[in-house]
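Colleague: Fold the following and give me the result.
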Amino acid sequence: MIKAAITAVGGYVPDFVMTNDELAKFVDTNDEWITSRTGIKERRILKEPGKATSDMMVFAVEELLRKRGITALDIDLLIVGTITGDLIFPSTANIICDKIGAKNAWGYDLAAACSGFIFALATGSQFIETGKYKKVVVIGVDKMSAILDYEDRTTCVIFGDGGGAVLLEPSEDGNGIQDFILKSDGSGRKYLYQTAGGSLMPPTHETVEKRLHFVHQEGQAVFKNAVVNMAEVSADIMTKNHLTADDIAWLAPHQANKRICEATANRMGLSPDKMMMNIERYGNTTAGTIPLLLWDYEKQLKKGDNIILSAFGGGFTWGAIWIKWAYDGSKVGKELL
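Modeller: As a prediction, this is how the structure comes out:
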């Protein structure tokens, strides 16, 4: 039976580092307040004029191609999980394909906020499992600084820019994506959203003046729902597949908040050393968090490792994916599969 296996990973974060102390210069906050509530010490911001979400992912995809020893012409399909595309249309996937020279690929964007990468990964896996395609690139990325109000300390301290890409290929050795559980609840849309800019409230002078084009979050409601749902779905995928804590090598949780990640690991019965974390360096990059974890931890991942990817985001959207890792990350650059 064909499985969709991740065979290469690429990532990118901008050079500019915004520390908590930097933020405290223009919004009422401090390092202790941010760190104790979120676990974040700094985040990366794409400050170069004229640079957008697609530009970050050109670096990530090109890294992935180099690692795998293939070219952009080998890509069949490219899916981008993002809520901060370069433009309303055309899709950022189309723009990335053009910039990297993926002339044989088609692609599209998928919007599921912080769950964007796992929704896109589950979707991309179906094209591999059916035998339709051999090489599918799945991206999770956001340039959150483009939609943040840097006068609103409830949101601007949390988010950063960056993301990553993975390559999916067919596997017949049992490794790859084993199962997923994905959920959504549109009644949660009132707690985390961007008010203006869509067809409901198109841009006007008034919407700009009222600062309606920025992220708005009801922090307590989002936190409460995230803690419960992200933890439950992660435990559910283990129960469904008869997995114990001992079976799991790693949890790759969406980097929304350190406490939410810890609650998820605790619900799964995992020790802290099995939880991937980089929130202290990158903050919450929305759809970018999980691929950035895989990118950061790649050299520690071993062939056959059971990994749970888990996310919760605006929508509400949430879910978990169980993966058997397909290669030894320590051999990347020397010998792959």
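
Colleague: those helices in the chain, which residues are they?
Modeller: 20-23, 31-38, 53-68, 92-100, 116-129, 153-156, 205-209, 219-240, 258-268, 279-282, 289-297 (DSSP state H).

Colleague: possible to save the ones you listed as JSON lines with distance to Ala8, mean neighbour count and mean pLDDT?
Modeller: (Each C-beta comes from the backbone N, C-alpha and C, glycine too.) Output for these, formatted as JSON lines (distance: least, CB to CB, whole Å; neighbours: other CB atoms under 10 Å; pLDDT from 0 to 100):
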{"stretch": "helix 20-23", "distance to Ala8": "34", "mean neighbour count": "17", "mean pLDDT": "96"}
{"stretch": "helix 31-38", "distance to Ala8": "31", "mean neighbour count": "16", "mean pLDDT": "94"}
{"stretch": "helix 53-68", "distance to Ala8": "4", "mean neighbour count": "22", "mean pLDDT": "98"}
{"stretch": "helix 92-100", "distance to Ala8": "14", "mean neighbour count": "22", "mean pLDDT": "98"}
{"stretch": "helix 116-129", "distance to Ala8": "14", "mean neighbour count": "25", "mean pLDDT": "98"}
{"stretch": "helix 153-156", "distance to Ala8": "33", "mean neighbour count": "18", "mean pLDDT": "93"}
{"stretch": "helix 205-209", "distance to Ala8": "41", "mean neighbour count": "10", "mean pLDDT": "98"}
{"stretch": "helix 219-240", "distance to Ala8": "24", "mean neighbour count": "19", "mean pLDDT": "97"}
{"stretch": "helix 258-268", "distance to Ala8": "25", "mean neighbour count": "21", "mean pLDDT": "97"}
{"stretch": "helix 279-282", "distance to Ala8": "21", "mean neighbour count": "22", "mean pLDDT": "98"}
{"stretch": "helix 289-297", "distance to Ala8": "10", "mean neighbour count": "26", "mean pLDDT": "98"}
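
Colleague: Of those helices, give the one that comes closest to Asp76.
Modeller: Taking CB to CB, helix 116-129 is the member of these nearest to Asp76, at 7.5 Å.

Colleague: Send me the closest one as PDB with only the CA atoms.
Modeller: Extracted in PDB, the C-alpha atoms of helix 116-129 (Å, rounded to 0.1, in the frame of the first residue of the first chain):
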ATOM      1  CA  GLY A 116      -3.000  25.500   7.300                       C
ATOM      2  CA  PHE A 117       0.100  23.300   7.100                       C
ATOM      3  CA  ILE A 118      -1.500  20.100   8.500                       C
ATOM      4  CA  PHE A 119      -4.700  20.700   6.400                       C
ATOM      5  CA  ALA A 120      -2.500  21.100   3.300                       C
ATOM      6  CA  LEU A 121      -0.300  18.100   4.200                       C
ATOM      7  CA  ALA A 122      -3.400  15.900   4.600                       C
ATOM      8  CA  THR A 123      -4.700  17.100   1.200                       C
ATOM      9  CA  GLY A 124      -1.400  16.700  -0.600                       C
ATOM     10  CA  SER A 125      -1.000  13.200   0.700                       C
ATOM     11  CA  GLN A 126      -4.100  12.100  -1.100                       C
ATOM     12  CA  PHE A 127      -2.600  12.900  -4.500                       C
ATOM     13  CA  ILE A 128       0.400  10.600  -3.600                       C
ATOM     14  CA  GLU A 129      -1.700   7.800  -2.100                       C
END
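
Colleague: For Val141, which of the helices of the chain is the nearest?
Modeller: So among these, helix 53-68 is nearest, using CB to CB, at 5.3 Å.

Colleague: Which elements pack onto that closest one?
Modeller: strand 3-12, helix 92-100, strand 136-143, strand 161-171 (3 or more CB pairs under 8 Å, 6 or more residues apart in numbering; DSSP states H and E).

Colleague: Single out the most deeply packed of these.
Modeller: Mean neighbour count, computed with mean count of other CB atoms under 10 Å, is highest for strand 136-143 among the helices and strands packed on helix 53-68, reaching a mean of 31.

Colleague: coming back round to it: just send the helices of the chain back as a markdown table, with distance to Phe180 too.
Modeller: As requested, the helices of the chain are exported to a markdown table (distance: least, CB to CB, whole Å):
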| stretch | distance to Phe180 |
| --- | --- |
| helix 20-23 | 35 |
| helix 31-38 | 27 |
| helix 53-68 | 21 |
| helix 92-100 | 21 |
| helix 116-129 | 5 |
| helix 153-156 | 29 |
| helix 205-209 | 37 |
| helix 219-240 | 7 |
| helix 258-268 | 16 |
| helix 279-282 | 23 |
| helix 289-297 | 13 |
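
Colleague: Ile2 is nearest to which of these?
Modeller: Proximity to Ile2 (CB to CB) singles out helix 116-129 among the helices of the chain, at 5.6 Å.

Colleague: Report the angle between the closest one and helix 289-297.
Modeller: 80 degrees (axes from the mean of the first three to the mean of the last three CA atoms, to 10 degrees).

Colleague: could you give the angle of helix 116-129 to strand 3-12?
Modeller: Using the same axes, to 10 degrees: helix 116-129 against strand 3-12 is 140 degrees.
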